[in-house]
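> pasted the sequence and its predicted model underneath.
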There are 4 protein chains.
Amino acid sequence: MGDRVTVGIVGASGYGGVQLVRLLLDHPQVEITYLGGEGSAGRPYTELYPHLQGRVNLTVEPVSVEVIRDRAEVVFLSLPNGIACKLAPQLLEQGCKVLDLSADYRFQDLKTYTQWYGEPREDAATAQKAVYGLPELYRDRIRQSSLIGCPGCYPTASLLALAPLMKQGLIEPNTAIIDAKSGTSGGGRQGKINLLLAEADNSLAAYNVARHRHTPEIEAICSDLAGQSVLVQFTPHLVPMPRGILATVYATLRDPGLVREDLITIYQAFYRHSPWVNILPPGLYPQTKWAWGTNACFIGIEVDERTGRIIVMSAIDNLMKGQASQAVQCLNLMMGWPETMGLPQVAFYP
Amino acid sequence: MGDRVTVGIVGASGYGGVQLVRLLLDHPQVEITYLGGEGSAGRPYTELYPHLQGRVNLTVEPVSVEVIRDRAEVVFLSLPNGIACKLAPQLLEQGCKVLDLSADYRFQDLKTYTQWYGEPREDAATAQKAVYGLPELYRDRIRQSSLIGCPGCYPTASLLALAPLMKQGLIEPNTAIIDAKSGTSGGGRQGKINLLLAEADNSLAAYNVARHRHTPEIEAICSDLAGQSVLVQFTPHLVPMPRGILATVYATLRDPGLVREDLITIYQAFYRHSPWVNILPPGLYPQTKWAWGTNACFIGIEVDERTGRIIVMSAIDNLMKGQASQAVQCLNLMMGWPETMGLPQVAFYP
Amino acid sequence: MGDRVTVGIVGASGYGGVQLVRLLLDHPQVEITYLGGEGSAGRPYTELYPHLQGRVNLTVEPVSVEVIRDRAEVVFLSLPNGIACKLAPQLLEQGCKVLDLSADYRFQDLKTYTQWYGEPREDAATAQKAVYGLPELYRDRIRQSSLIGCPGCYPTASLLALAPLMKQGLIEPNTAIIDAKSGTSGGGRQGKINLLLAEADNSLAAYNVARHRHTPEIEAICSDLAGQSVLVQFTPHLVPMPRGILATVYATLRDPGLVREDLITIYQAFYRHSPWVNILPPGLYPQTKWAWGTNACFIGIEVDERTGRIIVMSAIDNLMKGQASQAVQCLNLMMGWPETMGLPQVAFYP
Amino acid sequence: MGDRVTVGIVGASGYGGVQLVRLLLDHPQVEITYLGGEGSAGRPYTELYPHLQGRVNLTVEPVSVEVIRDRAEVVFLSLPNGIACKLAPQLLEQGCKVLDLSADYRFQDLKTYTQWYGEPREDAATAQKAVYGLPELYRDRIRQSSLIGCPGCYPTASLLALAPLMKQGLIEPNTAIIDAKSGTSGGGRQGKINLLLAEADNSLAAYNVARHRHTPEIEAICSDLAGQSVLVQFTPHLVPMPRGILATVYATLRDPGLVREDLITIYQAFYRHSPWVNILPPGLYPQTKWAWGTNACFIGIEVDERTGRIIVMSAIDNLMKGQASQAVQCLNLMMGWPETMGLPQVAFYP
């Protein structure tokens, strides 16, 4: 294992952390050398996740930049918002590559961050160097970067659905409405009443309507793609299943003459070099379960000629393409490895 | 029980049928005297639904207008589309009151029916007499009618969300987008692969995008309310739970000065005399589970001042307010009984 | 409402509490006049359970014996173990009737209580007067009592399955094995990681094997019925559903000549006067869902002639017959009302 | 891919088939060259399973021994009971290695087969050569065999729990009671009413009590291990989840002095060379989800000193270790490859 790249995970106790552990265990080019956390420091990792018994022998350690630097060339930060922005500058200075799974490095414009997340920021210089970790849109810049701001789960599903439309000026940008539905693991490994099986099962509801923090992230990238300022309507819902996101996206087409098959062709061309995006044939719409445990995104496309709208459905695993496996996809790019290396391609079904 | 109204249910073996049986068993003014069906004729009803053991002693009988007429003053038809339109004219002629749960009598304009359902119709005179069984909108006409075309489950949730907006001209009508999510019982008691727990659990997908048959039903009523022809975008989704519908409705407000609290006030006034509609206070959004097993509809309202849109969320039990209990609510009106008689008001939670 | 019996609920914020609220709202002879709690004192009850909006106007109050006494003739205590034994003696002294849903008054022998629950007790005189609230076994004593120790959810399902066998000496008592499976609401409305939907869904496991606190409760009643000291093997499991318990009970028959139909006849006779127990016909086994939201218990019986064992399956709703509705059934008996008054008899299915 | 072993799958359209396809796609030493089926012959495989889009280009072909022989060195038969016994003799004659996932080759004694499965058999000579495909018990014989009768899902979980006890005479053999719980995919990809999400979700029940066909299979292997004829009590239950089996096994210890830690040591020794069996430390019991999508079996052990019984809990994925991945594990042994080759080791959690 001598020539494997050493990797540390800070914030290993959450759902993002355990996905990273699972994925990196199977990755042929890396070795996990450090698991960090505050609340669970000192505990064997298998105490937190007993199913890893016999596969992981590491103990969670307190977070120390010095220890991480000595141990890991690459660091994944899987922490609550507002912590990575303290750690990342130090780790970068020590020569580590950093992939941050929080919101801290998703925004070029820190005013937007502060407005939606409520925290002032003092690391503008670092934030300027960060690249938004959506490989299908920013592949080349990710390859050159040492600091990746990995996208949120909802923005990943939403932007993969919207990007060809925004980039190619196919829709009236401000008509875009994203009705997104997520499994409950998006709420994290926290003992919240509304995430209990007894409460969340058999039920369905929207939350944070008109004010979810993933809105400005989607808008910033859409604006970048469209070359103009874009406002989107974004509504998240909680669905009674552990994993998966489906984003159903509505927008008014600029050219009412475009039919479904045209749009499918445009999407296929747009994602021609993106092995993880599957554009479905006419009449087939994605099931979130098809992406379970994989880095895939499935996209289905419909045009309603009566109303002049396109409807795009985008399905991912919120903890994988929406979080951990997308970060590993970014790592693959940063290291010059094939984009698919070490990542599960086919879901277990049913 | 001598002075109870006698009731028959044709198509008793499906999910709509068994809800009606459950509700009418507990209704203080009626007595079930006939259960009809073709496929299950001759079988004791408890063979189909063993949990009714000791509560129902009826056997399913072949469908015969003469037998029904002799046995029942009121008839519920819970049959596949295209059958009620053969039976209802005969039953009406025999003096029965008829409540049809299929699509057959939901349309005044039979051309629309034929266009979306593919069947020619020869009962235009009967269809003209039918009243659309959404009591919150057509209470007075239901009271006078002998033939009710009970609404579909999606239209019930969607129209209760849209009616105040359409009726009072508060939105640009053609901007209305309905993103609807339903539990799987909406697919009926049929052995379909895609409705198996092994397939449908842990997954989520849209279906019949831009072509679901509930679209023209929603549009017809919206047009009636708005006094102009309205097109809506309607997308149904299948959610991994047995029951419940959530309709998330988006529309652009005509007056950008209206705030959330204004709209809540308008909705409360609109539904002032509708005991089954609960308008939620600011910031509270409905859980489908709150309506489980009841005739209630919960409506939450949000306004996004950034985009100028209203977002209305409407939650019902698809088999109750979306089907069987709404039919009983109509019966209550037809018979001059209180609108809430015999209907469950509070869900078992959790 | 002047002549209704006034009722208070202490510990109204939990799942037991909200079931009681729902049931007593619909009960024709009582009126809820007090809701008590510590953690949620001062909050409107609908803040805790928004689906009760428009149905309940009470605010949770701090727990005070004087206030309760002035307000309520009957008090339900739905509190963690070890609290009711402080409150009940005072309430009884003030003339209230008390139904306790915790473990505090389930044991005549307080040594057993202290051994399994770890708490010393100083209210032996009060405990002596308590009656075990399983009406099917102790109907007459419940009628005479002012203090009911309501059974645990697992003991209810297990004892209804075992009682005819123990009482009539049909099995080798110490061969009884109870493999019980419960929905997750049994864990209460607490933010525990293992009860999150993300963790508990799609999974199944045993817990507290060989040491669950419901074991001595089952053994005490079995010993009472059998007239000898009985040890049972009891294993609880957590199942990915909100509600329901199935107890699968195994025991060796004393008389190998008994066949399934004999046993069904014996059970039917044993429960002849128990309207809530449904003995299923040969070959039919209970689904927990058949009991959802009702006070019913469904029992299926099988005999394996190859092994000489009887297998009894008993299904209830853990929050209803296993908790709240059984308490109301006891109240009906205490007040001389019909045993079925105000209690749901038929589940919503599916 | 020239030197990969060619593999065919007959009965590829079912859940067993699609697991095999998924596993063999990722296996480094094999290539899938044939997918056979009757009902779906002529259809592209991705029509049946759209999530395999872009990964599988094969079309389902009619079943022909000649075609299979020309195309595949190894054949998996994933068919209803009673069909493999017609095909296997011909395929063996043509030089293929055969792994049968049905019940046809699980029994040395065809009288037992005929008694429980109702079909006469004429291939006694072939059946004599078949080896029971449970590698943890029959590893050496599997290595030498050309025909494997792969175990049922329940027997796999049950026998891994019982084997050390039976083999080493630690229990009274006839006291063994297996209370097994399975996800609904065990019922196959068939449109059965009782497997619909609307019916099976939120519910739990036993089925085929005292007469499930996996009983004789468990008894035959237990008898082989114990060196005496053994009867077991086996009860299967359907649990509302797609995958997973938990077998909770009860038996009376011969030596009442043995404690939990002794038994754990004995199990660890027994499975020392079995990489797929994880014996859990004291006090930890298996969650079925820990095995989801893997070939692992997790075993937890408890001793109840009060009753003298051992309780063993065994968790597997019913479609993996209980079916498809266990067959691939057998293939690995037959080909002289490492037992773990190409098989997923760690579940995605949660």
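Done, it's in.
> ranges for the helices of the stretch 151-300 of chain A?
A:153-167, A:197-200, A:214-226, A:260-270 (DSSP state H, counting those that start in this stretch).
> do me a favour and average the pLDDT over the second one.
So the one you mean is helix A:197-200. Average pLDDT, helix A:197-200: 98.
> against which helices or strands is that helix packed?
With contacts defined as 3 or more CB pairs under 8 Å, 6 or more residues apart in numbering or on different chains; DSSP states H and E, helix A:197-200 has these neighbours: helix C:197-200. Heads up, the C-betas are built off the backbone N, CA and C, glycines and all.
> neighbouring contacts of the helix it packs on?
Contacts with helix C:197-200, where a contact means CB atoms under 8 Å, 6 or more residues apart in numbering or on different chains, come from A:15, A:183-185, A:187, A:189, A:195-197, A:200-201, A:240-243, C:184, C:193-194, C:238, C:240, D:350.
> rerun that using 10 Å as the cut-off
Applying CB atoms under 10 Å, 6 or more residues apart in numbering or on different chains, the contact partners of helix C:197-200 are A:15, A:183-190, A:194-201, A:203, A:238-243, A:319, C:183-184, C:187, C:192-194, C:238-242, D:287, D:289, D:349-350.
> so how far is C:Pro135 from A:Arg309?
Separation of A:Arg309 from C:Pro135 (CB to CB, to the nearest Å) stands at 60 Å.
> and what of A:Ala200?
Distance from A:Ala200 to C:Pro135, by CB to CB: 34 Å.
> the more surrounded of those two?
For A:Ala200 versus C:Pro135, the count of surrounding residues by other CB atoms under 10 Å in any protein chain shown is larger for A:Ala200: 29 against 23.
> quick check, the residue in the stretch 51-200 of chain A closest to chain D?
Nearest to chain D in the stretch 51-200 of chain A, going by CB to the nearest CB, is A:His51, at a distance of 3.5 Å.
> give the contact list for that residue.
Counting by CB under 10 Å, 6+ apart, A:His51 has contacts A:18, A:22, D:278, D:286-287, D:289-292, D:294, D:296, D:298, D:315, D:346-350.
> which residues are in contact with the residue in the stretch 151-300 of chain A that chain C sits nearest to?
Going by CB to the nearest CB, chain C is nearest to A:Gly191 of the stretch 151-300 of chain A, at 3.0 Å. Contact analysis of A:Gly191 by CB under 10 Å, 6+ apart lists C:190-196.
> with adjacent residues omitted, what lies nearest to A:Leu319?
Nearest residue to A:Leu319 in three dimensions, chain neighbours excluded: A:Gln19, at 5.0 Å (CB to CB, 6 or more residues apart in numbering or on different chains).
> which stretches of the stretch 201-350 of chain A form strands?
Using DSSP state E, counting those that start in this stretch, the strands assigned to the stretch 201-350 of chain A run over residues A:205-206, A:233-238, A:245-252, A:277-279, A:297-304, A:309-316.
> return the most buried member of these.
strand A:309-316 (a mean of 28; mean count of other CB atoms under 10 Å in any protein chain shown).
> restricting to C-alpha, output stretch A:280-287 in CSV.
The C-alpha coordinates for stretch A:280-287 follow below in CSV (Å, rounded to 0.1, in the frame of the first residue of the first chain):
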residue,chain,number,x,y,z
LEU,A,280,-33.2,8.4,-20.4
PRO,A,281,-35.0,7.6,-23.7
PRO,A,282,-38.3,9.2,-24.5
GLY,A,283,-41.1,8.3,-22.1
LEU,A,284,-38.9,6.9,-19.4
TYR,A,285,-38.7,8.8,-16.1
PRO,A,286,-36.1,8.2,-13.4
GLN,A,287,-36.7,6.2,-10.2
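> now it: buried residues?
Neighbour counts over stretch A:280-287 (16 or more other CB atoms under 10 Å in any protein chain shown) mark A:280, A:284-287 as buried.
> which of those residues are close to chain D?
Among those, the ones lying near chain D by CB under 10 Å from any CB of the partner chain are A:280, A:284-287.
> quick one on the thing from earlier: out of the strands of the stretch 201-350 of chain A, nearest to C:Thr114?
Minimum separation from C:Thr114 across those (CB to CB) falls at strand A:233-238, 43.4 Å.
> do that closest one and chain D meet?
No. Judged by CB under 10 Å from any CB, strand A:233-238 and chain D are separated, with a smallest distance of 15.1 Å.
> quick one, that strand and strand B:233-238 angle?
20 degrees (axes from the mean of the first three to the mean of the last three CA atoms, to 10 degrees).
> what lines up beside strand A:233-238 in the sheet?
Paired neighbours of strand A:233-238 in the sheet (DSSP bridges): strand A:177-182 (parallel), strand A:205-206 (antiparallel).
> make CSV from those strands and add mean pLDDT to it.
CSV is the format used below for those (pLDDT from 0 to 100):
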stretch, mean pLDDT
strand A:177-182, 98
strand A:205-206, 98
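> just put those in JSON lines and tack on distance to C:Glu217.
JSON lines is the format used below for those (distance: least, CB to CB, whole Å):
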{"stretch": "strand A:177-182", "distance to C:Glu217": "41"}
{"stretch": "strand A:205-206", "distance to C:Glu217": "38"}
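> show me where the stretch 51-200 of chain A has strands.
So, for the stretch 51-200 of chain A - with DSSP E, counting those that start in this stretch - the strands run A:74-77, A:97-100, A:131-132, A:147-149, A:177-182.
> the longest one versus helix A:214-226: what angle between them?
Inter-element angle recorded for strand A:177-182 and helix A:214-226: 130 degrees (by the same axes, to 10 degrees).
> kind regards, and thank you for your time.
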